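Visitor: Next come a sequence and a model predicted from it.
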Amino acid sequence: MTEEFESEQSFPEDYYKYDTRNFKKFLDEFANDIRKGYNQSFRHQISNIKKTEGMRIIVCGMGGSGIAAMLMQTYLEDEPIDFELANSYGISGKLTSKDLVILSSYSGNTEEVISCYRQARRIGSQVIIIASGGKLEELAGMGRLPLIKLPKEYPPRAALGLMFFTLLRLLQDLAIISDKSDEVDSLTETFTGKNFNEFGVNLSEKLNGKIPIIYSSNIFYPVAYRWKTQLNENAKTLAFSNQISEMNHNELNGFENKNGIFHVVLITTDEDISRIRKRTGLVKEILQKNGVDVTELHVKGSRLNKIFTAVLAGDYTSYYLALRYGIDPYPVDTIEKFKRDLGPFI
């Protein structure tokens, strides 16, 4: 996926001391999380949910919980369903009683999701809650609402495999999408034992001391955004993402007067249309002429395989970059302090 610099074996052993809580185990166990999420049945919990014509399916989620829904939008791009993400204090558009609102918060305490809960209950929409506990578990009990309970041992961003494939199974059990078991089984088999370490080690060396910018096509933008957020949270560094072709109309010009040292990662796929491929090639030329280093990650296969191959490549890169910076990838102290300073959500 990229040129070779050093193998994982030559990655400095003493850097692992910064991973004080073994964050890497969450990356290495991704195939198991696929199984945990997908090999469930929710038919009993959701037996009262009615599938109706014109029903909107809205997933409310932020951060690590919201990214699962963003990636699901990419995966279900070609499906004839109205699948939306609400990642703020409310659900946009006209919400009705026939709509299905899935409240997804790993902690169960995300205030934007709780705000969406209040809106959905006020309108009388159908509601399903996905959480590991917290206030949303409480509300599910009080309202006798379907609750899909997640295990508690993950940092939210590391629970992506579990949350995505739990959501996928839920949509399947609701008969909103067709059976995906063959595709999921194939992905699990592919990812069992697949080694992303070398890619992460190599690219993290390139990114060391630079500001990463991640570009992709519009349909795969949630993958680029996942890269950005993992670099933010794991390596505690600024990173940015954008879409091709949107960045061709504004951001591209900024490289004429760059005030920083950047490294651009281009995520490309065999689904990119010819004009996007041409635009991406021209972007690469312009960046290199302006002295910007570029790495291209090209992914192939089923859409599910493309999504998660690219996602895990980014997750491992952010992990190894954190260690190169002497940073523990696990805690997000600034975010946690910010939440405490906000005070309780009334």
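Guide: In hand now; what should we look at? Given the structure is predicted, the values throughout are model-derived calculations rather than measurements. Residues are numbered from 1 along each chain as shown.
Visitor: Please enumerate the helices of the chain.
Guide: 24-28, 30-38, 63-75, 111-123, 134-143, 160-173, 181-191, 197-207, 221-234, 274-289, 303-324, 333-342 (DSSP state H).
Visitor: Can you lay out these as a markdown table showing mean neighbour count and mean pLDDT?
Guide: Quick note: C-beta positions are derived from backbone N, CA and C, even for glycine. Output for those, formatted as a markdown table (neighbours: other Cβ atoms under 10 Å; pLDDT from 0 to 100):
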| stretch | mean neighbour count | mean pLDDT |
| --- | --- | --- |
| helix 24-28 | 17 | 97 |
| helix 30-38 | 20 | 97 |
| helix 63-75 | 22 | 96 |
| helix 111-123 | 19 | 98 |
| helix 134-143 | 16 | 97 |
| helix 160-173 | 23 | 98 |
| helix 181-191 | 15 | 96 |
| helix 197-207 | 21 | 97 |
| helix 221-234 | 24 | 98 |
| helix 274-289 | 15 | 98 |
| helix 303-324 | 24 | 98 |
| helix 333-342 | 10 | 97 |
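Visitor: what separates Ile49 from Tyr117, distance-wise?
Guide: Relative to Tyr117, Ile49 is positioned 16 Å away (Cβ to Cβ, to the nearest Å).
Visitor: cool, and Ile102?
Guide: On the measure of Cβ to Cβ, Ile102 and Tyr117 end up 11 Å apart.
Visitor: Now do the shared contacts for these two.
Guide: Cys60, Val127, Ile129 (Cβ atoms under 8 Å, 6 or more residues apart in numbering).
Visitor: Test my guess that the last one contacts Ile148.
Guide: Looking back up the chat, that one is Ile129. Yes. Under the criterion of Cβ atoms under 8 Å, Ile129 makes contact with Ile148 at 7.0 Å.
Visitor: More neighbours: these two, which one.
Guide: Ile129 (25 against 21; other Cβ atoms under 10 Å).
Visitor: which residues does the more buried one bridge with?
Guide: Leu103, Leu147 (DSSP bridges).
Visitor: Please give me every residue in contact with it.
Guide: Ile102, Leu103, Tyr117, Leu136, Glu137, Leu139, Ala140, Leu145, Pro146, Leu147, Ile148.
Visitor: Quick check on the residue nearest to Thr110 when sequence neighbours are not counted: phi, psi?
Guide: Of all residues not flanking Thr110 in the chain, Met62 sits nearest, at 5.3 Å (Cβ to Cβ, 6 or more residues apart in numbering). Phi and psi for Met62, reported as degrees, to the nearest 10, are phi -130, psi 160.
Visitor: Met62 touches Asn87, doesn't it?
Guide: Yes. Counting by Cβ under 8 Å, Asn87 is a contact partner of Met62 at 5.5 Å.
Visitor: Do I have it right that Arg303 meets Thr74?
Guide: Yes. With contact defined as Cβ under 8 Å, Arg303 counts as touching Thr74 (7.4 Å).
Visitor: From Lys278, how far out is the residue nearest to Pro222 when sequence neighbours are not counted?
Guide: Residue nearest to Pro222 in three dimensions, not counting chain neighbours: Met70, with 3.8 Å by Cβ to Cβ, 6+ apart. In this view, Met70 and Lys278 are 26 Å apart by Cβ to Cβ.
Visitor: same deal with Gln45?
Guide: 48 Å.
Visitor: Repeat that for Leu27.
Guide: 34 Å.
Visitor: How about the contacts made by the residue nearest to Leu85 when sequence neighbours are not counted?
Guide: Spatially, and ignoring its direct neighbours in sequence, Leu85 is nearest to Ala69 (4.5 Å; Cβ to Cβ, 6+ apart). Going by Cβ under 8 Å, 6+ apart, Ala69 touches Val59, Gly61, Leu85, Ser104, Leu167.
Visitor: Return the per-residue confidence for the second one.
Guide: Spelled out, that is Gly61. Per-residue confidence (pLDDT) for Gly61: 98.
Visitor: The closest residue to it other than its chain neighbours: how many residues sit nearby?
Guide: Closest residue in space to Gly61, ignoring its immediate chain neighbours: Ser104 at 3.9 Å, by Cβ to Cβ, 6+ apart. Neighbour count of Ser104, defined by other Cβ under 10 Å: 29.
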